[in-house]
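Q: Next input, structure requested:
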Amino acid sequence: MGTHISRITRADPERSLSRRRSLPAEDRSRISYGKLGWAVGESFERFRRLVESSPDGIFVSLANQIVFANPAAVRLAGASAPERLLGQKTIDLFDPESREHVADCLSRLESGQSAAVDARLARPDGIDVELCGNSFEYDGQRAIQIILRDITERKRAEAALRDSEERLTLAFAGAQEGVWDWNLETGGVVYSPRWKSMLGYAGDEIEPTIEAWERLLHPDDKPRADELNQSVVVGGGQTYEGEFRLRHKDGHFIHVLSRGFPVRREPGGPVARIVGIHLDITERKRAEAALRESEERLTLAFAGAQEGVWDWNLETGGVVYSPRWKTMLGYADDEIEPTIGAWERLLHPDDKPRADELNQSVVHGGGQTYEGEFRLRHKDGHFIRVLSRGFPVRREPGGPVVRIVGTHFDLTERQRVEAERARTDLLGRLVFAQEDERRRIAREMHDQFGEHLTALDLGIGALKDACRDRPELQAPLGSLDAVAKRLDRDVDHLVWALRPTALDDLGLRAALTNYVQDWSRRAGIAAELHTSGLLDHRLATEVETTLYRIAQEALTNIAKHAKARNVDVILERRHDSVLLIVEDDGTGFDPGHAGRAERGGFGLLGMQERAALVGASLQIESEVGRGTTIFVRMAAAPGKVTDHG
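A: You can find the predicted model right below:
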């Protein structure tokens with residue numbers, strides 16, 4: 001078409017007009033198109049090459065028909081030659097969905113208004129164009145110059161950008177992350193609505209400046225934030241990442257993970273912007289803190305329980321043994337390899353079948369717990385007993401066991417304690433059985449011997465009265481009477497030694513009073529008993545018996561070994577305890593080197609064991625040349641009255 005128009009416009013205008021009038025109507029119409037070239041005149045030649053070389057498509061529409069198209073317009077329309085476009089309706093160039101908007105735009109251009117519209121051309125590959133132009137007067141009609149610019153790539157880029165922004169928006173919405181964009185040149189910061197809502201603020205409650213961030217930042221986190229900023233802005237860091245605390249609107253602080261990417265206007269240039277996100281990690285921090293507290297409690301619990309921990313991975317055969325697990329067996333942390341072979345090597349051979357059976361019951365038999373007692377070889381060669389408890393771990397319910405995590409408890413100490421408890425219980429039963437037997441024998445001796453001795457005394461008295469007139473019998477009868485009286489005293493002393501009746505009838509205070517007085521007289525050592533708080537309430541029979549026997553044993557040892565001149569016995573009942581003190585000013589001794597033979601009777605160990613039977617503690621303080629003091633303390637319920645009937 002360009003060639004055709006050029007030929008018409010270069011003809012003489014007057015001659016063209018006369019020729020046109022003499023031609024048929026169809027030819028006159030074609031010549032009228034050529035008059036456009038005459039109107040343009042010489043200017044057309046000047047701009048023809050410019051129009052034909054334009055990358056934008058240029059059409060001229062007259063009476064809604066195409067009368068001119070440059071090469072770019074031909075290419076855009078998908079035509080093989082300009083002639084295929086001439087005479088076509090202008091609107092037919094466009095896709096049906098675009099025609100309404102195009103028609104409106106052309107109408108506005110024809111009326112002299114400025115207008116532009118994006119449209120799609122009616123061709124299979126659907127090229128998007130931007131339509132603009134202007135109108136001009138030609139032969140009493142309005143012609144429209146239409147400029148089409150191919151914007152297909154721009155549309156694709158815009159669509160891709162929209163898709164990307166939509167994906168990013170959905171990703172941020174799903175991740176609940178806030179977005180920020182910090183312009184380092186202006187100090188302005190764009191905070192997304194989610195960024196603000198994370199801190200409890202509405203969209204208009206945080207100003208778009210870096211000062212807003214600094215005001216919300218926890219003071220203790222500011223040095224780290226400044227250091228991170230410097231490392232990115234000045235130090236050339238490629239990423240910006242840090243955890244900070246920001247103040248929520250209601251006053252508390254939330255933990256955020258801030259990640260950013262520095263933007264430079266040119267490679268190696270200064271950072272102009274940092275664009276990033278905020279992720280609220282408060283719940284994660286709480287979970288981590290809770291986990292740490294749980295681990296600390298578990299560690300303290302294991303430490304307090306003196307249990308070793310083990311974690312057996314059945315898939316790899318590896319086992320993690322805790323330091324406590326190793327020290328239980330006398331090994332340092334690096335002396336036991338983290339494998340199941342270490343356990344098998346330390347296990348007593350006789351316990352292996354039971355261990356294998358237990359493993360099979362848990363791994364293949366579906367057992368819910370792992371528990372058994374085994375003997376493990378200590379580093380020094382002996383075996384210790386351990387209680388092993390474990391819990392099987394499955395990746396999914398009903399799935400195979402992949403790990404067993406458990407503990408080892410050293411039963412050696414427990415067995416020792418149990419044995420000691422059994423010995424103490426047996427000793428207690430023996431001691432109190434002995435006291436019961438002493439009481440029975442003392443009662444029988446008092447009753448039976450007392451009755452016979454009384455009868456003997458009466459008989460001797462009657463015999464003496466009957467033989468009053470026989471002087472030769474008085475001396476033998478006097479000797480017989482003296483023997484009978486001595487026998488009576490010896491029986492009384494034996495009964496008293498076995499079990500003083502005052503202890504059962506009158507209580508500890510009365511029994512000790514009698515015993516201390518009698519001991520002082522027999523031993524020739526000054527002794528005094530001081531009592532307090534025992535007038536209203538008596539102690540339990542076992543307690544009274546134990547304290548009496550300890551005092552008795554202490555005084556016996558003083559008489560044998562202490563060479564004391566003075567002894568004080570203190571018996572005191574306090575609000576919630578009972579205190580017995582036996583103190584002498586004798587030679588004293590070194591408690592750490594006193595032999596059992598030097599103590600006599602039960603000795604110091606016997607007194608300590610007696611005290612332990614009733615829950616009392618016994619402490620000995622002694623020094624050579626400074627005397628000895630024995631303290632016995634035990635708890636007692638306030639105001640408790642014990643039935644001694």
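Q: hey, let's count contacts and neighbours off CA atoms from now on
A: Will do.
Q: show me where pLDDT drops low in the stretch 501-645 of the chain?
A: 501-502, 535-536, 593-602, 637-645 (pLDDT under 70).
Q: just so I have it, where are all the helices in it?
A: 501-505, 508-523, 541-557, 596-599, 603-613 (DSSP state H, counting those that start in this stretch).
Q: want to throw those into JSON lines with distance to Ala332 and mean neighbour count?
A: Output for those, formatted as JSON lines (distance: least, Cα to Cα, whole Å; neighbours: other Cα atoms under 10 Å):
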{"stretch": "helix 501-505", "distance to Ala332": "58", "mean neighbour count": "16"}
{"stretch": "helix 508-523", "distance to Ala332": "56", "mean neighbour count": "17"}
{"stretch": "helix 541-557", "distance to Ala332": "47", "mean neighbour count": "20"}
{"stretch": "helix 596-599", "distance to Ala332": "40", "mean neighbour count": "13"}
{"stretch": "helix 603-613", "distance to Ala332": "38", "mean neighbour count": "19"}
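Q: For Asp334, which of those helices is the nearest?
A: helix 603-613 (42.9 Å; Cα to Cα).
Q: what's the closest one packed up against?
A: Applying 3 or more Cα pairs under 8 Å, 6 or more residues apart in numbering; DSSP states H and E, one finds that helix 603-613 contacts helix 411-444, helix 541-557, helix 596-599, strand 617-622.
Q: Please name whichever of the helices of the stretch 501-645 of the chain is nearest to Asp333.
A: When the helices of the stretch 501-645 of the chain are compared (using Cα to Cα), the closest one is helix 603-613, at 39.5 Å.
Q: Run the chain-centre distance for that closest one.
A: Counting by Cα atoms, centre = their mean, to the nearest Å, helix 603-613 is centred 48 Å from the centre of its parent chain.
Q: Check stretch 250-265 too.
A: Worked out by Cα atoms, centre = their mean, stretch 250-265 lies 25 Å from the chain centre.
Q: buried sites along that stretch?
A: Phe253, Ile254, His255, Val256, Leu257, Ser258, Arg259, Gly260, Phe261, Pro262, Val263 (16 or more other Cα atoms under 10 Å).
Q: would you list the residues you listed in JSON lines and tack on pLDDT and distance to Arg284?
A: Below are the buried residues of stretch 250-265 laid out as JSON lines (pLDDT from 0 to 100; distance: Cα to Cα, whole Å):
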{"residue": "Phe253", "pLDDT": "94", "distance to Arg284": "14"}
{"residue": "Ile254", "pLDDT": "92", "distance to Arg284": "11"}
{"residue": "His255", "pLDDT": "94", "distance to Arg284": "9"}
{"residue": "Val256", "pLDDT": "92", "distance to Arg284": "10"}
{"residue": "Leu257", "pLDDT": "91", "distance to Arg284": "11"}
{"residue": "Ser258", "pLDDT": "90", "distance to Arg284": "14"}
{"residue": "Arg259", "pLDDT": "89", "distance to Arg284": "16"}
{"residue": "Gly260", "pLDDT": "86", "distance to Arg284": "20"}
{"residue": "Phe261", "pLDDT": "86", "distance to Arg284": "24"}
{"residue": "Pro262", "pLDDT": "87", "distance to Arg284": "27"}
{"residue": "Val263", "pLDDT": "85", "distance to Arg284": "30"}
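Q: Go through those residues and flag which are in strands.
A: Phe253, Ile254, His255, Val256, Leu257, Ser258, Arg259, Gly260, Phe261, Pro262, Val263 (DSSP state E).
Q: Tell me the one among those nearest to Val117.
A: Val263 (34.8 Å).
Q: Could you report the separation of the closest residue in space to the closest one that isn't next to it in sequence from Arg224?
A: Among residues not flanking Val263 along the chain, Arg273 sits closest, at 5.0 Å (Cα to Cα, 6 or more residues apart in numbering). Between Arg273 and Arg224 the computed distance is 20 Å (Cα to Cα, to the nearest Å).
Q: which one of these two has more residues nearby?
A: When Arg273 and Arg224 are compared on other Cα atoms under 10 Å, the one with more neighbours turns out to be Arg273, at 22 against 13.
Q: The more buried one: which element?
A: strand 271-280 (DSSP states H and E).
Q: Name every strand pairing with that strand and say which way it goes.
A: Under the criterion DSSP bridges, strand 271-280 sits next to strand 177-183 (antiparallel), strand 253-264 (antiparallel) in its sheet.
Q: Save those as a markdown table, and put in distance to Ile144 too.
A: Formatted as a markdown table, these follow (distance: least, Cα to Cα, whole Å):
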| stretch | distance to Ile144 |
| --- | --- |
| strand 177-183 | 46 |
| strand 253-264 | 46 |
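Q: Show me the one of the ones you listed that comes nearest Asn566.
A: Per Cα to Cα, nearest to Asn566 of the strands paired with strand 271-280: strand 253-264, 74.3 Å.
Q: if we look at the closest one, which residues are touching it?
A: 199, 218, 232-233, 238-248, 270-282, 285 (Cα atoms under 8 Å, 6 or more residues apart in numbering).
Q: For the buried ones among those residues, write the corresponding PyMOL selection.
A: The buried subset of these, as determined by 16+ other Cα under 10 Å, is captured in PyMOL by this line:
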select buried, resi 199+218+232+233+240+241+243+244+245+246+247+248+270+271+272+273+274+275+276+277+278+279+280+281
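Q: Good, wrapping up.
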